[in-house]
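Chemist: Compute the structure for the input listed below.
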Amino acid sequence: LPIPFPLLPFPSISVFTFFFLLLDQSLFHYMFSSYLRSSKAIFKTTSRTRMSSSLAPLDATKLKITKTTSPKEKLPNDKLVFGQTFTDHMLQIPFSFKKGWGTPEIVPYGPLSLDPSSCVFHYAFELFEGLKAYKDKNGDIRMFRPDKNMARMNKSADRICLPTFDSEQLTDLIGELLKLDHRFIPSEKGYSMYIRPTLIGTSPGLGVHTPDEALLFVICSPVGPYYKTGFKAVKLEATDYATRAWPGGVGDKKLGANYAPCVKPQLDAASRGYQQNLWLFGPEKNVTEVGTMNFFVAMKDSKTGKNELVTAPLDGTILEGVTRDSILSLARERLNPDEWIISERYCTINEIKDKAEKGELLEAFGSGTAAIVSPIKEISYHGEAINVPLTPGEESGPLTKQFLTWIQELQYGEVESDWSKVYKVEN
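Modeler: Predicted coordinates for the structure are as follows:
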């Protein structure tokens, strides 16, 4: 019988080849089944795209609140351990492919109930964010640059086929959670509320496919200063035996799958006396990031006589750090352009080594939400130590300390800016 062309398992192959495949029924069955599965997946994705306009958007006005009947005891500040203490409540919002975003709910903090076959457990459909809120001198809550975190979260979600959302709606919902649990937000300088929005795929069943169901939830943890007794400069091991991210990958997304593979190299470095990895990439040994932070280095430019502040460019392998962006913005706004060049470019480990040997290496630090800035005092490369200058008698360089001061002034509202989303606390 004649076979209509659309039924061919692979339209690009010839009719002769198709009939030849019929001679091997098992091979044909396998190829045709693969085609049907692919067609189903394509149809599913296309249908999702076509139906997206009819799905319910995330709507903060539909928020429901169920308050805890067992309030937790608030720990004194000196007992806070990063990420180990949580507030009374959490925010959770379900999503389904058929209906869209469900009703946002603030509920008592507690365990999640998920099917063991949920795709998050088997295929890493998971992403998260990390941002902070502070109490200013008036007792108001100041969330620092949440628009940046929401934009990055949506980029991460889109990359792994999880649902995106209206950034302002989620920001306002987090604001309601913070207002409800405001008693947990420390008011002392150096203390804050760490906010962890997370989005996971919850579709049950094995097999890699686009999740039909998802859950967005937010938990909050009061935290103290990263360095409780002041700065503590760290030693790094320049790492070229393991790779954090690569071109075409997801190094610029905040996916949980990016973090677990980095733990073993960090343990290896720790066994040799180093606190973190300085990630190198490529035959040039470009410096990319430090641990889970963006990397900055300040060097003297002998050609211009100026100082240069360098960090890696956002080329798809570098995380779009909010603190990184804040430092670059402040550097361009406040550092004297007659004295400083601000560069987003790659530098190599050998360039840093050469600068150190010439006395032109000024200082280096990591940047991230948890610590804001983390000073570096030594980099080991193939067993050779590269010493990074610090201010005599201190555990950081002057530029590192200056950026910490500038950013904290904005975070606590000592200097007003449009970087903070402010919420009034009703007593």
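
Chemist: which residues of the stretch 101-250 of the chain fall in helices?
Modeler: 119-123, 146-159, 167-180 (DSSP state H, counting those that start in this stretch).

Chemist: Run through the helices of the stretch 301-427 of the chain in chain order.
Modeler: 322-334, 349-358, 398-411.

Chemist: for the stretch 301-427 of the chain, which spans come out with low pLDDT?
Modeler: 427 (pLDDT under 70).

Chemist: follow-up on the earlier one: which one of the helices of the stretch 101-250 of the chain lies nearest to I379?
Modeler: Checking those against I379 by CB to CB gives helix 146-159 as the closest, at 28.0 Å. For glycine as for every other residue, the C-beta is placed from the backbone atoms N, C-alpha and C.

Chemist: tell me the average confidence for the closest one?
Modeler: Helix 146-159 carries an average pLDDT of 98.

Chemist: Please point out which parts of that helix sit buried.
Modeler: Using 16 or more other CB atoms under 10 Å as the test for burial, helix 146-159 gives 146, 148-150, 152-154, 156-157.

Chemist: which helices and strands does that helix pack with?
Modeler: strand 126-128, helix 167-180, strand 192-201, helix 322-334 (3 or more CB pairs under 8 Å, 6 or more residues apart in numbering; DSSP states H and E).

Chemist: okay, the angle between it and helix 167-180?
Modeler: 120 degrees (axes from the mean of the first three to the mean of the last three CA atoms, to 10 degrees).

Chemist: Export helix 146-159 to CSV, keeping only CA atoms.
Modeler: Provided in CSV are the C-alpha atoms of helix 146-159 (Å, rounded to 0.1, in the frame of the first residue of the first chain):
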residue,chain,number,x,y,z
PRO,A,146,14.7,42.5,44.5
ASP,A,147,14.0,43.4,40.9
LYS,A,148,17.4,42.0,39.9
ASN,A,149,16.8,38.7,41.7
MET,A,150,13.3,38.3,40.2
ALA,A,151,14.7,38.9,36.7
ARG,A,152,17.4,36.4,37.2
MET,A,153,15.0,33.9,38.6
ASN,A,154,12.8,34.2,35.5
LYS,A,155,15.8,33.6,33.3
SER,A,156,16.7,30.5,35.2
ALA,A,157,13.1,29.2,35.0
ASP,A,158,12.9,29.8,31.3
ARG,A,159,16.1,27.9,30.7
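
Chemist: picking up where we left off before, tell me which of the helices of the stretch 301-427 of the chain sits nearest to I185.
Modeler: Nearest to I185, of the helices of the stretch 301-427 of the chain and by CB to CB, is helix 398-411 at 12.3 Å.

Chemist: Report the angle between the closest one and strand 192-201.
Modeler: Using the same axes, to 10 degrees, helix 398-411 lies at 80 degrees relative to strand 192-201.

Chemist: All the strands of the stretch 1-150 of the chain, residue numbers only.
Modeler: For the stretch 1-150 of the chain, the strands defined by DSSP state E, counting those that start in this stretch occupy 64-65, 89-96, 100-101, 105-108, 126-128, 131-135, 141-144.

Chemist: Can you get me a residue count around the nearest residue to E188 once chain neighbours are set aside?
Modeler: Distances taken as CB to CB, 6 or more residues apart in numbering put N77 closest to E188, at 6.1 Å, once the chain neighbours are dropped. Using other CB atoms under 10 Å, N77 has 16 other residues around it.

Chemist: what does Y259 give?
Modeler: Neighbours of Y259 using other CB under 10 Å come to 12.

Chemist: Now do the same contact list for it.
Modeler: T292 (CB atoms under 8 Å, 6 or more residues apart in numbering).

Chemist: how near is it to Y346?
Modeler: 23 Å (CB to CB, to the nearest Å).

Chemist: Then W406?
Modeler: On the measure of CB to CB, W406 and Y346 end up 26 Å apart.

Chemist: next one: K72
Modeler: K72 is 47 Å from Y346, by CB to CB.

Chemist: Looking at the two, which has the bigger crowd around it?
Modeler: Y346 (19 against 15).

Chemist: Pull the contacting residues for the more buried one.
Modeler: 284, 286-288, 312-313.

Chemist: Which ones among those map onto strands?
Modeler: 286-288 (DSSP state E).

Chemist: Of these, grab the buried ones for ChimeraX.
Modeler: To isolate the buried members of the ones in strands among the contacts of Y346 in ChimeraX, using 16+ other CB under 10 Å:
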select :286,287,288
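
Chemist: Any stretches of the stretch 101-250 of the chain with poor pLDDT?
Modeler: Looking at the stretch 101-250 of the chain by pLDDT under 70, you get 229.

Chemist: Now for V208, how many residues are close by?
Modeler: Count around V208 with other CB under 10 Å applied: 9.

Chemist: what's the closest non-adjacent residue to it?
Modeler: That would be Y123: by CB to CB, 6+ apart, it lies 5.5 Å from V208.

Chemist: so the one you found touches T210, yeah?
Modeler: No: between Y123 and T210 there is no contact under CB atoms under 8 Å: 10.6 Å.
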